[in-house]
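Enquirer: quick one: sequence plus predicted model below, questions after.
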Amino acid sequence: MSDNKIMEQAKKMQDAVAQSEEFTNLKNAFDALKAEKDSYKIFTEFQASQNELRQKQMSGQEITPDDMKAARELADKMNKLPAIKILMEREKAMGKLIDDANMVITEPLRKLYEG
């Protein structure tokens, strides 16, 4: 199978993911979260905090106890918000779908190395 054929199949898989129930549920949960301005603000603050910690780590900077405390406090706030809990449940379902598809796609590689 040529690279073009593989990419054509990947595009079909992309379309299938976008049309899946798991993706629809995730999108609906994210839209609901965005509609709750306070919850969405905490969500975006948490994302920014995680990105900042990742950047520090990648550049070799020390992550301070204060950094970790602030991240934990934001995570605690997030975990108390129903809209974020639902989003995380939907993300987990979407992740499982992708993991399952990845297992199917990579089966020839696993078999190759098992043999």
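Expert: On my side now, so go ahead. Not measured: the values here are computed from a predicted model.
Enquirer: residues near the closest residue in space to residue 57 that isn't next to it in sequence, how many?
Expert: Nearest residue to residue 57, sequence neighbours excluded (C-beta to C-beta, 6 or more residues apart in numbering): residue 63, at 6.4 Å. (C-beta placed from N, C-alpha, C; glycine too.) Using other C-beta atoms under 10 Å, residue 63 has 13 neighbouring residues.
Enquirer: in terms of contact, does residue 63 touch residue 56 like I think?
Expert: Yes - with contact defined as C-beta atoms under 8 Å, residue 63 and residue 56 form a contacting pair (5.6 Å).
Enquirer: number of nearby residues for residue 82?
Expert: Residue 82: 11 neighbours (other C-beta under 10 Å).
Enquirer: pLDDT wise, what is it at?
Expert: Here, the pLDDT recorded for residue 82 equals 96.
Enquirer: who does the lowest-mean-pLDDT helix or strand in the chain touch, helix- and strand-wise?
Expert: Within the chain, no helix or strand scores below helix 65-79, which has a mean of 92 by mean pLDDT, DSSP states H and E. Applying 3 or more C-beta pairs under 8 Å, 6 or more residues apart in numbering; DSSP states H and E, we find helix 65-79 packed against helix 37-58.
Enquirer: buried sites along the helix it packs on?
Expert: Across helix 37-58, burial judged by 16 or more other C-beta atoms under 10 Å covers 39, 40, 42, 43, 46, 49, 53.
Enquirer: could you do stretch 90-102 as well?
Expert: 90, 93, 94, 97.
Enquirer: nearest to residue 11 among the buried residues of helix 37-58?
Expert: Comparing those against residue 11 with C-beta to C-beta places residue 43 closest, at 30.5 Å.
Enquirer: all good on my end, thank you.
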